[in-house]
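In: The sequence and its predicted three-dimensional model are supplied below.
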Amino acid sequence: MGKGLLSSKLFKCVESFLMFAFFVKILCLLGLHRWGQWAYQNFTSCVQVLVCDGCGKFKPGEIRIVHIWGDLQYAKENSCETIHVCFRCHSIKPAVSSIVHSFSEKTYVTSDSCVMARICQRCQWVEHDSSTTHHIFGEWIGEAGICLELRICQRCGCLEEQEHHDWLPKLYGKICSQCYVTKAVNPGLCYQCVQRAIPCDNVFYSCI
Ligand SMILES: [Zn+2]
Ligand SMILES: [Zn+2]
Ligand SMILES: [Zn+2]
Ligand SMILES: [Zn+2]
Ligand SMILES: [Zn+2]
Ligand SMILES: [Zn+2]
């Protein structure tokens with residue numbers, strides 16, 4: 001008896017399911033589809049469509065694109081351009097901060113210049129905004145009786161000079177005991193008598 005009851009219950013269940021399936025099919029045949037969730041159209045594309053729960057038909061004209069973007073990655077080996085790649089369709093989109101350099105410590109930009117800057121180790125881009133100049137000077141070079149010394153940068157060849165006079169005070173100025181260069185306290189006037197000096201000099205013509 002129990003067995004008969006069970007089978008009749010099962011029959012009722014199957015019957016109502018079949019009725020339901022039939023009903024749904026009828027609705028679909030009448031064009032009354034029951035649009036369900038968005039679903040990917042196939043495994044390798046990112047196109048999503050609306051699918052009918054009853055017959056599996058795609059809703060015409062209704063698509064959307066949903067990519068699954070991967071982490072930030074470099075676009076190419078020697079480039080600092082960054083991108084995201086879609087796991088599904090391999091589409092590429094530029095990253096928000098699209099350039100990500102990998103800087104070294106400051107180094108010389110070229111072998112014969114004294115400009116130092118940060119250089120990207122991936123793409124060799126030079127960050128000129130941060131550049132500084134750093135000369136490597138040799139010893140000061142001078143000659144006896146000349147109060148001017150020079151030194152030369154061993155990298156770029158530029159010259160730096162310095163004067164170091166042995167000043168002796170004079171009435172209205174001073175004179176170097178080695179090279180006899182003069183300086184007047186009052187520009188344009190003689191350093192000995194304060195009369196108008198020879199143009200571009202520190203001395204009146206009779207005081208030479
Ligand atoms: Zn349908
Ligand atoms: Zn995609
Ligand atoms: Zn770079
Ligand atoms: Zn230099
Ligand atoms: Zn001097
Ligand atoms: Zn004078």
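Out: Now that the structure is in, tell me what you want to look at. Ligands and ions are numbered 1, 2, ... in the order given.
In: Next to ligand 4 in this structure, residues from this protein, please.
Out: 114, 135, 153, 155-156 (CB under 5 Å from the ion). Quick note: C-beta positions are derived from backbone N, CA and C, even for glycine.
In: Just the buried residues of those.
Out: Using 16 or more other CB atoms under 10 Å as the burial test, the residues of the chain next to ligand 4 include 114, 153, 155 as buried.
In: Could you export those residues as a markdown table, including secondary structure and distance to ligand 3?
Out: What follows is those, written out as a markdown table (DSSP: H, G, I helix; E, B strand; the rest coil; distance: CB to the ion, whole Å):
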| residue | secondary structure | distance to ligand 3 |
| --- | --- | --- |
| 114 | coil | 23 |
| 153 | strand | 29 |
| 155 | coil | 25 |
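In: Which one of those residues is nearest to ligand 5?
Out: residue 153 (24.7 Å; CB to the ion).
In: Wait, the closest one touches residue 115, no?
Out: No: under the criterion of CB atoms under 8 Å, residue 153 makes no contact with residue 115, lying 11.9 Å away.
In: Excluding sequence neighbours, find me the nearest residue to residue 173.
Out: Distances taken as CB to CB, 6 or more residues apart in numbering place residue 191 nearest to residue 173, at 2.9 Å, with adjacent residues excluded.
In: now do residue 140
Out: Residue 140 sits nearest to residue 149 (CB to CB, 6+ apart), 4.3 Å away.
In: got it, and residue 113?
Out: residue 156 is the one closest to residue 113 (CB to CB, 6+ apart), at 5.7 Å.
In: looking at this, the one you found is in a strand?
Out: No: Residue 156 is assigned coil when assessed by DSSP: H, G, I helix; E, B strand; the rest coil, not a strand.
In: which residues touch it?
Out: 112-114, 135 (CB atoms under 8 Å, 6 or more residues apart in numbering).
In: Would you mind naming what in the chain lies close to ligand 6?
Out: So the chain meets ligand 6 at 190, 192-193, 204, 207 (CB under 5 Å from the ion).
In: Buried among those? Make that a ChimeraX selection.
Out: Buried members of the residues of the chain next to ligand 6, defined by 16+ other CB under 10 Å, are picked up in ChimeraX with:
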select :190,192,204
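In: Quickly check the residues of the chain next to ligand 6 for the two that are furthest apart.
Out: Farthest-apart pair in the residues of the chain next to ligand 6 is 192 and 204; separation 7.3 Å (CB to CB).
In: Using the record's assignment, carve the chain into domains.
Out: For the chain, the structural domains run 1-32, 104-133, 165-207, going by automatic domain parsing.
In: Quick check: which of those is nearest to ligand 1?
Out: domain 1-32 (3.3 Å).
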